[in-house]
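J.: return atomic coordinates for the entry below.
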Amino acid sequence: DDTALRRRTAAAALGHVADFTALSRASVISGCEDARGQEKSNPVAAAVPALTACLRDSHEGVRRAAAQALEQIGSSAASAVPALAASLSDTSEDVRCAAAKALEKMGADVAAPAVPALAETCLKDSNTSVQKAALAALGQLGTAAEPAVPALIECLKNANHKVRCAAAASLESLGPCGAASVPALLAVLEDSDVGVRTKATTALGSLGAYVSSNAPAEALCQRVLDSHEGVRAAAASALGRLGCASTVPVLCEALKDPNEDVRRASAIALGQCRGVATSAIPSLTKALKDSNEDVRQAAATSLGLFGAVATTATQALTACLSDTTVGVRKAAATSLGQIGHPARGAIAGLTERLKDPNEGVRKAALKSFEYLQRKRSDDGLDGAGADADACEDEDDDDDGAGDTGES
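T.: Numbers count the residues shown, from 1 in each chain. Prediction:
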């Protein structure tokens, strides 16, 4: 009726105002150093009691609009959490979904009391959208969601692949609290769905570090051989995060994968494993000649992370100073400085890059050039990694990860 329509419109309008207010506050805060504390004030918060009452309205549209408005208000609507938790059992799937999304927006400190309802009610919901919304909310709650881990593990067996994907992603977000799910995630690595295998692989790269067993690393090595390139790339990245010496040969072999994303992920992973992966330096050096510029850049960057022990790569890195791609030239220039004193033979090549048409390359070359000049007479430098630390990029804004293409 007209009255219900007005209530629904009013609730929706409050949500829009809350969203606009949040954007306005963010704009003010980012442009004004004296705006501290303004992010905590939300003029629409005064409407929370009325919106909470609307969650019990007889009309579905009003209840849904109220939940959506509370989502936009966010943590300022903390008092509405019990009512939102109750709405997870609403007769309307749209309302249940909106309530779960609102709780996700609230944050861990505020929404923690809703964990039992999210786990015991929503994760068993017959509607996939509701289940996914609940999984996303639980994933945002960190340690507060630990009681829900058994229910999240059960969702890994759900008949719907989208739910299984969301469950794996949620478990990854829980950090140490999700470690109990490692055995279940290992089983899911054999899932018939590519997306599920990818999410489980990524989750194991994060959670595997919290278990004493080497099973996650061994299983991920098998995923590097997966039939799908996305899973193989995810497995290589996951192995980089685990940093196990036993996986280095597998990652070196993956540098020859027919897919460039897998090769790039493997090159980055070997840099992350540098403490146990000195045997990978020859393979990374070969990767500097890869046909794909992103792989070359990743290999150059990783070699620099090894510091002075990557001396044998100096000549190949010096050659990369003439690469047609900006990102490769910049990574090579930076890495030569990180290798340090043993790379002093690259000074001539770095001098040439001081005239590079790209400013980022010039800056990287100048930093390494000056560092090597200072170290030129220091024959006593033992530097196994010391140079890499000393010549680390000091300016985060000068990161070459996104430099590609133009010369």
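J.: so how far is I268 from A277?
T.: Using C-beta to C-beta, to the nearest Å, A277 is found at 12 Å from I268. C-beta here means a position set from N, CA and C on the backbone, and glycine is covered the same way.
J.: and if you look at A13?
T.: For A13, the distance to I268 equals 47 Å [C-beta to C-beta].
J.: of these two, who's got more company?
T.: A direct count of neighbours by other C-beta atoms under 10 Å for A13 and I268 places I268 higher, at 22 against 13.
J.: so what's the more buried one closest to, chain neighbours aside?
T.: A298 (5.0 Å; C-beta to C-beta, 6 or more residues apart in numbering).
J.: for the helix or strand hosting the one you found, packing partners?
T.: Per DSSP states H and E, A298 falls inside helix 293-305. When contacts are defined as 3 or more C-beta pairs under 8 Å, 6 or more residues apart in numbering; DSSP states H and E, helix 293-305 packs onto helix 260-272, helix 281-287, helix 314-320, helix 326-339.
J.: let's test this: mean pLDDT of it, rounded?
T.: The average pLDDT within helix 293-305 is 98.
J.: in this structure L207 contacts L171, no?
T.: Yes - here L207 lies in contact with L171, judged by C-beta atoms under 8 Å, at a distance of 7.0 Å.
J.: tell me, how many residues neighbour the nearest residue to V17 once chain neighbours are set aside?
T.: Distances taken as C-beta to C-beta, 6+ apart place V44 nearest to V17, at 5.4 Å, with adjacent residues excluded. Neighbour count of V44, defined by other C-beta under 10 Å: 22.
J.: check the one 5 residues further on too.
T.: Around P49 sit 13 other residues, with neighbours defined as other C-beta under 10 Å.
J.: go on, P342?
T.: P342 has 21 neighbours, counted by other C-beta under 10 Å.
J.: apart from its neighbours in sequence, what residue is nearest it?
T.: Excluding the flanking residues, the one nearest P342 by C-beta to C-beta, 6+ apart is T311, at 3.9 Å.
J.: tell me the SS of the one you found?
T.: helix (DSSP: H, G, I helix; E, B strand; the rest coil).
J.: shaky segments in the protein?
T.: 1-2, 19-43, 375-407 (pLDDT under 70).
J.: sorry, back to before: my read is that the residue nearest to V17 contacts G74, right?
T.: No - contact status for V44 versus G74: not in contact, 10.0 Å apart, counting by C-beta under 8 Å.
J.: give me the common contacts of the two.
T.: Common contacts of V44 and G74 (C-beta atoms under 8 Å, 6 or more residues apart in numbering): A18.
J.: helix 326-339 and the helix holding A298, what's the angle between them?
T.: 10 degrees (axes from the mean of the first three to the mean of the last three C-alpha atoms, to 10 degrees).
J.: quick one, helices of the stretch 101-250 of the chain?
T.: Ranges of helices in the stretch 101-250 of the chain, per DSSP state H, counting those that start in this stretch, are 108-111, 115-120, 128-139, 149-155, 161-173, 182-188, 194-207, 215-223, 229-242, 248-254.
J.: the fifth one packs against which elements?
T.: For helix 161-173, the packing partners by 3+ C-beta pairs under 8 Å, 6+ apart come out as helix 128-139, helix 149-155, helix 182-188, helix 194-207.
J.: of all those helices, which one is nearest L84?
T.: Nearest to L84 among these is helix 128-139; the distance by C-beta to C-beta comes to 10.0 Å.
J.: list the buried residues in that closest one.
T.: 128-139 (16 or more other C-beta atoms under 10 Å).
J.: reformat those residues as CSV; add distance to A119.
T.: As requested, those are exported to CSV (distance: C-beta to C-beta, whole Å):
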residue, distance to A119
T128, 17
S129, 17
V130, 13
Q131, 11
K132, 14
A133, 13
A134, 8
L135, 10
A136, 13
A137, 10
L138, 7
G139, 12
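J.: appreciated, that's everything.
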